[in-house]
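In: structure, please.
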Amino acid sequence: MSDTPPVPETKEKTKGIPRILLSAGSSSSGKTTITIGLLAALTEAGYKVQPYKVGLDYIDPSYYSEITGRRARNIDGFLMDEEGVRDVFIHGTEADGDADIAIIEGVRGLFEGFDSFSDTGSTAQIAKILKCSVILIINARSITRSAAALVNGFRDFDRDVHITGVILNNIGGPRHEKKATEAIEHYTGIPVIGVIRRNNSMKISMRHLGLVPAIEERRRADNYDERIDFIKNTIKDGIDIDRLLEMAQTAPALERPPKTVFNPRELQGERPVIGVALDEAFNFYYHDNLELLQMAGADIKYFSPIHDKKLPDVDGLYLGGGYPELFAAELENNVSMREDVLDASRSGLPIYAECGGLMYLTEKLSTGVKGQGAHNMAEMPESTHDMVGALPGHTLMGHKRVVSYNIGSLAMDSVIGKTGNSFRGHEFHHSEVTDIPKDAKFAIKLSRGTGIIDGWDGLTVNNTLGCYAHLVASSYREFAGSFVDFVIKEQ
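Out: Residues are numbered from 1 along each chain as shown. Reported below is the predicted structural model:
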């Protein structure tokens, strides 16, 4: 999979798609809620809307996919080069049928990125690569004229980023709206195309990694649809959507990259089946990862470690991230599933587990652990639960908080590639794995990041690998083909 095929000659060399990017001055400005409402409003109006998220968030895209009926895609300028960003973007507009418009939600503030002196990894970088207008969302709580200074500063910081409109969020009333709008339009010349009034009903449930995932929120909230409808109607009332669509139409056609990673390959013989854990506890998957596994020749079969009593008949397992700590009792009580996973691991079934999946495969998981640091998960009860035991170690939830890009290479052949393969990924966790034996084997050596212990990640037993690193298959292009080839080899 490392030598990606060229774009087929039958496709045009450029792709025109109306698009707009929603960014903000900082996190917690309301980007996600406004994006949810806009996607819902446009979908209701009959548009085929392709959603994107800048950065490596799993949770926001889960809402976007559900609302639009299209697979939301992640794009990241640190993990992907410019051609890779365009490849993922253009593929997303076509994979679920041709989209009418693309809506891109930024990450954090407009210019936050990998370091202090470049725009690598930032929303601004993506805006320039994809040549799209930016709508700047301003949290206007308690400010009026100062909002104009903020907009001016963002506009002048990098003139190659084209801020064409402003949405004011958390507006208190008509006088607040009038003063802030007049100031922005007078001092900057940039139109205010939306005003969202302060209302607690606009909030989505929060958790320590951000929002509660859509799959869980829908199952636990009786009024889920009503809340999405309220957000949609608020956005319809507060934003000049016709004007936003006009801005989206100004985006020029994009040049297709000369090669694409999204190209199916033909296998000799039957397609292997990879079981993918999917439920309230495990739902952090990039759509690119699953789609590229299928393009590499695998079939996907979903199962639930919480609700299903037995593993399905599969040739390999993919246990993604999520919140196993919040469902530890349910996972522990499903003894037959834990025993099935353990037996599969001991028999040599290829198993790949990321973060939450790693935690599930260890021997025990403890929550509410009292430790040092500002990010102790004090709201969780103190308890310890038995997990699968396919990997050695005791997972402690609450001692630390790790949020970072990581860079690593494979120190041994494994389910995700050959020795020496390198990748860029990320990790985001509040847990650590302790009580690891001194002779434990690790498949990944990190040059950047934390991993499991001392810069090592990818704890390995038999053909089971568990890591804190999250891999993006459209960035680490060996992932899908290596996974499928390894599964075939072990059949």
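
In: low-confidence ranges in the stretch 301-450 of the chain?
Out: Within the stretch 301-450 of the chain, the stretches with pLDDT under 70 are 370-379, 399.

In: recalculate using a threshold of 90.
Out: Within the stretch 301-450 of the chain, the set of residues satisfying pLDDT under 90 comprises 367-382, 397-404, 428-430.

In: tell me where it has strands.
Out: For the stretch 301-450 of the chain, applying DSSP state E, counting those that start in this stretch gives strands covering 316-319, 321-322, 351-354, 364-367, 383-386, 394-410, 422-434, 441-448.

In: who does the fourth one pair up with?
Out: Strand 364-367 has its sheet partners listed here by DSSP bridges as strand 383-386 (antiparallel), strand 394-410 (parallel).

In: do you know which of the strands of the stretch 301-450 of the chain lies nearest T43?
Out: Shortest distance between T43 and the strands of the stretch 301-450 of the chain, using CB to CB, is found for strand 321-322: 26.3 Å. C-beta here means a position set from N, CA and C on the backbone, and glycine is covered the same way.

In: and the closest one, what does it pack onto?
Out: Under the contact definition 3 or more CB pairs under 8 Å, 6 or more residues apart in numbering; DSSP states H and E, strand 321-322 sits against strand 282-284, helix 356-361.

In: winner for burial among these?
Out: With neighbours taken as mean count of other CB atoms under 10 Å, these reach their highest mean count in helix 356-361, at a mean of 29.

In: okay, the residue lying farthest from the centre of the chain: pLDDT?
Out: Distance to the chain centre peaks in the chain at R175, reaching 38.5 Å (criterion: CA atoms, centre = their mean). Here the pLDDT value assigned to R175 is 97.

In: how about the helices and strands packed on strand 321-322 in JSON lines, adding distance to Q50?
Out: As requested, those are arranged in JSON lines below (distance: least, CB to CB, whole Å):
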{"stretch": "strand 282-284", "distance to Q50": "21"}
{"stretch": "helix 356-361", "distance to Q50": "28"}
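
In: which of the ones you listed sits closest to E185?
Out: Here strand 282-284 is closest among these (CB to CB), at 41.3 Å.

In: list the contacts of that closest one.
Out: Contacts to strand 282-284, defined as CB atoms under 8 Å, 6 or more residues apart in numbering, come from residues 58-59, 62, 213, 215-216, 305, 319-322, 324, 354-357, 360, 470.

In: for the following helix or strand past it, give the mean pLDDT please.
Out: The helix or strand immediately downstream of strand 282-284 is helix 287-295, counting by DSSP states H and E. For helix 287-295, mean pLDDT is 98.

In: repeat that for stretch 115-131.
Out: Mean pLDDT, stretch 115-131: 96.

In: who's in contact with that stretch?
Out: 19, 21, 23, 54-55, 75-78, 82, 85-86, 89, 104, 106-114, 134, 158, 160-162, 251-252, 254, 405.

In: which one of the helices and strands packed on strand 321-322 lies nearest to V415?
Out: Proximity to V415, assessed across the helices and strands packed on strand 321-322 by CB to CB, is greatest for helix 356-361 (12.3 Å).

In: could you export the closest one as CSV, CA atoms only?
Out: Output of helix 356-361 as CSV, limited to C-alpha atoms (Å, rounded to 0.1, in the frame of the first residue of the first chain):
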residue,chain,number,x,y,z
GLY,A,356,-9.5,2.1,24.7
GLY,A,357,-9.0,-1.3,23.0
LEU,A,358,-5.6,-1.5,24.7
MET,A,359,-7.2,-0.8,28.1
TYR,A,360,-9.8,-3.6,27.4
LEU,A,361,-7.1,-6.1,26.6
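
In: does anything pack onto it? Which helices or strands?
Out: Judged by 3+ CB pairs under 8 Å, 6+ apart, helix 356-361 is in contact with strand 282-284, strand 316-319, strand 321-322, strand 351-354, strand 394-410, strand 422-434, strand 464-467.

In: just give me how far the second one sits from the chain centre.
Out: I take that to be strand 316-319. Offset of strand 316-319 from its chain centre (CA atoms, centre = their mean, to the nearest Å): 19 Å.

In: still on that earlier bit, got the strands of the stretch 301-450 of the chain as JSON lines, with distance to R145 and mean neighbour count columns?
Out: Conversion of the strands of the stretch 301-450 of the chain to JSON lines gives the following (distance: least, CB to CB, whole Å; neighbours: other CB atoms under 10 Å):
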{"stretch": "strand 316-319", "distance to R145": "52", "mean neighbour count": "27"}
{"stretch": "strand 321-322", "distance to R145": "44", "mean neighbour count": "27"}
{"stretch": "strand 351-354", "distance to R145": "47", "mean neighbour count": "27"}
{"stretch": "strand 364-367", "distance to R145": "47", "mean neighbour count": "21"}
{"stretch": "strand 383-386", "distance to R145": "52", "mean neighbour count": "16"}
{"stretch": "strand 394-410", "distance to R145": "35", "mean neighbour count": "19"}
{"stretch": "strand 422-434", "distance to R145": "38", "mean neighbour count": "21"}
{"stretch": "strand 441-448", "distance to R145": "42", "mean neighbour count": "19"}
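
In: filter the contacts of stretch 115-131 down to the buried ones and hand me the PyMOL line.
Out: Buried members of the contacts of stretch 115-131, defined by 16 or more other CB atoms under 10 Å, are picked up in PyMOL with:
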select buried, resi 19+21+23+54+55+75+76+77+78+85+86+89+104+106+107+108+109+110+111+112+113+134+158+161+162+251+254+405
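
In: distance between the ends of stretch 212-227?
Out: 14 Å (CA to CA, to the nearest Å).

In: and that stretch, how far from the chain's centre?
Out: Remark: stretch 212-227 is offset 19 Å from the chain centroid, using CA atoms, centre = their mean.

In: identify each buried residue in that stretch, please.
Out: For stretch 212-227, by 16+ other CB under 10 Å, it's V212, P213, A214, I215, E216, E217, R218, R227.

In: please report how far the fourth one lies from E66.
Out: Look at I215 and E66: by CB to CB, to the nearest Å, they are 8 Å apart.

In: let me see the ranges of the helices in the stretch 151-300 of the chain.
Out: 174-188, 214-220, 224-238, 241-249, 287-295 (DSSP state H, counting those that start in this stretch).

In: pick the most buried one from these.
Out: Sort these by mean neighbour count, taking mean count of other CB under 10 Å, and helix 287-295 sits at the top with a mean of 21.

In: remind me what that helix packs against, helices and strands.
Out: Here helix 287-295 touches strand 73-75, strand 299-303, helix 479-490, going by 3+ CB pairs under 8 Å, 6+ apart.

In: orientation of it relative to helix 479-490 in degrees?
Out: 40 degrees (axes from the mean of the first three to the mean of the last three CA atoms, to 10 degrees).
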